[in-house]
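[1] no sequence on this one, just coordinates:
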C-alpha cells in the first residue's frame with residue numbers, strides 16, 4: 001500500500017506507515033482523538049505543533065500470535081518511539097490476531 005507524502009508528514013500518517021510496514025496488519029483503524037484534548041494548553045504545543053497528540057488504534061496482525069497484551073503494546077510503543085519523542089502523548093490500543101477476531 002502506498003501512502004501519500006502529505007499523509008506521511010502527519011503523525012497519523014507516520015503511525016499508519018510504521019504499523020503497516022512492520023506488522024502487516026489485516027485490519028488497521030487509526031482514530032485521531034486529539035480534538036477531545038484541544039482545550040488543554042499543553043496539548044497545543046505537542047505533536048510538533050500539529051496538534052496530533054492522542055490516537056486510538058485497532059489492529060489485527062499475525063505478528064501478535066503467541067504474545068500477550070503487554071508484549072503486543074510494547075511492540076507498538078517501540079515502533080512509534082520517534083513519534084512519542086516528537087509529541088505523541090497518548091495511544092489507546094486494541095490488538096488482536098486474526099483468530100481472535102473470529103471469537104465472539
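    Received the coordinates, thanks. What you see is a predicted model; the values in this text were computed from it and never measured.
[2] C-alpha from now on. contacts and neighbour counts both.
    OK.
[3] how much space separates residue 62 from residue 87?
    29 Å (Cα to Cα, to the nearest Å).
[4] please say which of these two ends up with more neighbours.
    Taking other Cα atoms under 10 Å, residue 62 and residue 87 do not tie; residue 87 has more neighbours (20 against 14).
[5] are we agreed that that one is in a strand?
    No - assessed with DSSP: H, G, I helix; E, B strand; the rest coil, residue 87 is coil; it does not lie in a strand.
[6] I'd say it and residue 53 touch.
    Yes - contact criterion Cα atoms under 8 Å: residue 87 and residue 53 qualify, at 6.4 Å.
[7] quick one: average confidence on the strand or helix carrying residue 19?
    Assessed by DSSP states H and E, residue 19 sits inside helix 11-23. The pLDDT scores in helix 11-23 average 96.
[8] same question for stretch 95-104.
    89.
[9] next one: that stretch to chain centre, how far?
    Mean-position distance between stretch 95-104 and its chain equals 19 Å (Cα atoms, centre = their mean, to the nearest Å).
[10] one more: stretch 53-70?
    9 Å.
[11] what is the end-to-end distance of it?
    The straight-line separation of the ends of stretch 53-70 (Cα to Cα) is 22 Å.
[12] any buried residues in that stretch, and which?
    53, 54, 55, 56, 57, 59, 60, 61, 63, 64 (16 or more other Cα atoms under 10 Å).
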